[in-house]
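Asks: Need coordinates for the below:
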Amino acid sequence: MGSRLHDLEKGKGDATLVADLDEEMGHMIDALHEVETDFDNLYKQSSRASMPAPPQSQQ
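Replies: So this is what the prediction gives:
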């Protein structure tokens with residue numbers, strides 16, 4: 001029982017291997033973009049939380 005990569009190396013590759021790998025890479029890239037967005041949101045929240053409050057005017 002060989003893996004698809006092993007079969008590909010032996011010249012018995014599955015015709016859909018490239019399409020499957022491309023699809024999986026697309027999913028991974030989408031997931032990384034979501035993680036990047038989450039980190040950006042956390043950073044923005046952290047930056048806002050650490051900023052001093054503006055002075056209140058007393059009238």
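Asks: Let me know the pLDDT of the residue nearest the centre of the chain.
Replies: Geometric centre of the chain, nearest residue: Leu32, 0.6 Å, by Cα atoms, centre = their mean. What the model reports for Leu32 is a pLDDT of 98.
Asks: same deal with Gln56?
Replies: Predicted confidence (pLDDT) for Gln56: 79.
Asks: Could you look up the SS state of it?
Replies: coil (DSSP: H, G, I helix; E, B strand; the rest coil).
Asks: So what does it have for phi and psi?
Replies: Phi and psi for Gln56, reported as degrees, to the nearest 10, are phi -90, psi 130.
Asks: For it, list the residues it contacts.
Replies: By Cβ atoms under 8 Å, 6 or more residues apart in numbering, Gln56 lies in contact with nothing. The C-beta positions use only the backbone N, C-alpha and C, and glycine is treated the same way.
Asks: Number of residues surrounding Leu8?
Replies: Neighbourhood size, Leu8 [other Cβ atoms under 10 Å]: 14.
Asks: quick one: it and Val18 touch, right?
Replies: No: if you go by Cβ atoms under 8 Å, Leu8 and Val18 don't touch, sitting 9.3 Å apart.
Asks: if we can go back for a sec, and the residue nearest to the centre of the chain, what element?
Replies: Here Leu32 sits within helix 17-50, counting by DSSP states H and E.
Asks: before we move on, back to that, look up how far Asp38 lies from the residue nearest to the centre of the chain.
Replies: 11 Å (Cβ to Cβ, to the nearest Å).
Asks: What does the pLDDT read for Ala53?
Replies: Reported pLDDT for Ala53: 67.
Asks: low pLDDT regions in the protein?
Replies: Regions of the chain meeting the criterion pLDDT under 70 cover residues 1-2, 4-5, 7, 11-15, 51-53, 58-59.
Asks: 80 instead, please
Replies: Scanning the chain for pLDDT under 80 picks out the ranges 1-18, 48-59.
Asks: count of neighbours near the nearest residue to Leu8 once chain neighbours are set aside?
Replies: Among residues not flanking Leu8 along the chain, Leu17 sits closest, at 5.9 Å (Cβ to Cβ, 6 or more residues apart in numbering). Applying other Cβ under 10 Å, we find 13 residues neighbouring Leu17.
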